[in-house]
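**Student:** okay, structure incoming, though there's no sequence with it:
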């Protein structure tokens, strides 16, 4: 198996692994890594096929989780944003002994809308898949713009996300299509209802990709988990509201008894 890009910083006695979203790389955590590395041993990862983790084709969700485990600490809190939230959730389901706690950010166990479930319209995801092969850069830029729409700092946040994409090697169209297929087809709602490990779900009230209406629905479906809504954030609250975001993450992690540095 090819090695992943995996950067470890900080010297805290608790491990925190950060997983980025579709089309991006670990550079998205730049604004919060300094804050969090003062408290945790922080692991910044490029998902398989993204950024500096080249050499991977499109993987299934379980395959992505297994690839991460090969280089992961024995036990950690896993934080996943958007697509990364699905990867972290899958890891918690298949290897719960490796997960001290789960934090999902602007993520959903089922991204596709349907049957009274809020989410992204299947036609929208289908259009992204079709447009990728026609105009890669424009499709990615459109997706990034959707992630910050409505916030006070939308323009600069979108520019920051675009810079993160361009700073590192871009994923192949096949890898990006594979990621969109995961977003389109995966539904972990029932599987995660039995998850008993500590879980925090973070949302942006202005998020156009993961609607805020998901939060109370999952509060009811997963009463053992808890949620927090950033009132003026969209799909990337760690960029638009880094201090408030780190406060939520630190507060959650400080309540968990995590094994020491390995």
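**Tutor:** That came through, no problem. None of these values were measured; they are calculated from a predicted model. Numbers count the residues shown, from 1 in each chain.

**Student:** so the residue nearest to residue 129 when sequence neighbours are not counted is in which element?
**Tutor:** Ranked by C-beta to C-beta, 6 or more residues apart in numbering and with sequence neighbours excluded, the top spatial neighbour of residue 129 is residue 180, at 5.1 Å. No exception for glycine: its C-beta is placed from N, CA and C like everyone else's. Element membership of residue 180, judged by DSSP states H and E, is helix 173-185.

**Student:** what's the answer for residue 161, then?
**Tutor:** helix 154-167.

**Student:** mind giving me the packing neighbours of that helix?
**Tutor:** helix 136-148, helix 237-240 (3 or more C-beta pairs under 8 Å, 6 or more residues apart in numbering; DSSP states H and E).

**Student:** still on that earlier bit, would you agree the residue nearest to residue 129 is in contact with residue 131?
**Tutor:** No - between residue 180 and residue 131 there is no contact under C-beta atoms under 8 Å: 10.4 Å.

**Student:** of these two, who's got more company?
**Tutor:** residue 180 (22 against 15; other C-beta atoms under 10 Å).

**Student:** against residue 63, how distant is the more buried one?
**Tutor:** Note on residue 180: its distance to residue 63, by C-beta to C-beta, to the nearest Å, is 16 Å.

**Student:** repeat for residue 34
**Tutor:** 32 Å.

**Student:** again with residue 118
**Tutor:** Applying C-beta to C-beta, the value for residue 118 to residue 63 is 28 Å.

**Student:** again, but for residue 152
**Tutor:** Distance from residue 152 to residue 63, counting by C-beta to C-beta: 39 Å.

**Student:** same check on residue 78?
**Tutor:** With distances taken as C-beta to C-beta, residue 78 is found 17 Å from residue 63.

**Student:** between those two, who's got more neighbours?
**Tutor:** Between residue 78 and residue 63, counting by other C-beta under 10 Å, residue 78 is the more crowded of the two (28 against 16).

**Student:** in what helix or strand does that one lie?
**Tutor:** Assessed by DSSP H and E, residue 78 sits inside strand 76-81.

**Student:** and that strand, which strands flank it?
**Tutor:** Take DSSP bridges as the rule and strand 76-81 pairs in its sheet with strand 15-19 (parallel), strand 99-105 (parallel).

**Student:** redo those as CSV? Include mean pLDDT and mean neighbour count.
**Tutor:** Below are the strands paired with strand 76-81 laid out as CSV (pLDDT from 0 to 100; neighbours: other C-beta atoms under 10 Å):
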stretch, mean pLDDT, mean neighbour count
strand 15-19, 97, 27
strand 99-105, 97, 25
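
**Student:** re the thing from before, burial-wise, tell me which of the helices and strands packed on helix 154-167 comes out on top.
**Tutor:** Ranked by mean neighbour count, these are led by helix 237-240 with a mean of 26 (mean count of other C-beta atoms under 10 Å).

**Student:** distance from the helix or strand just after that one to the middle of the chain?
**Tutor:** Using DSSP H and E, the helix or strand that directly follows helix 237-240 along the chain is helix 242-253. In terms of C-alpha atoms, centre = their mean, to the nearest Å, the centre of helix 242-253 is found 15 Å from the chain centre.

**Student:** would you mark the buried spots in helix 242-253?
**Tutor:** Along helix 242-253, these residues count as buried under the neighbour rule (16 or more other C-beta atoms under 10 Å): 242, 244-246, 248-250, 252-253.

**Student:** which residues sit against that helix?
**Tutor:** With C-beta atoms under 8 Å, 6 or more residues apart in numbering as the contact definition, helix 242-253 has outside contacts at 14, 16, 31-32, 35-36, 39-40, 77, 79, 101, 103, 198, 200, 202, 228, 230, 237-238.

**Student:** and the buried ones among these, selectable in PyMOL?
**Tutor:** Selection of buried members from these for PyMOL, criterion 16+ other C-beta under 10 Å:
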select buried, resi 14+16+31+32+35+36+39+40+77+79+101+103+198+200+202+228+230+237+238
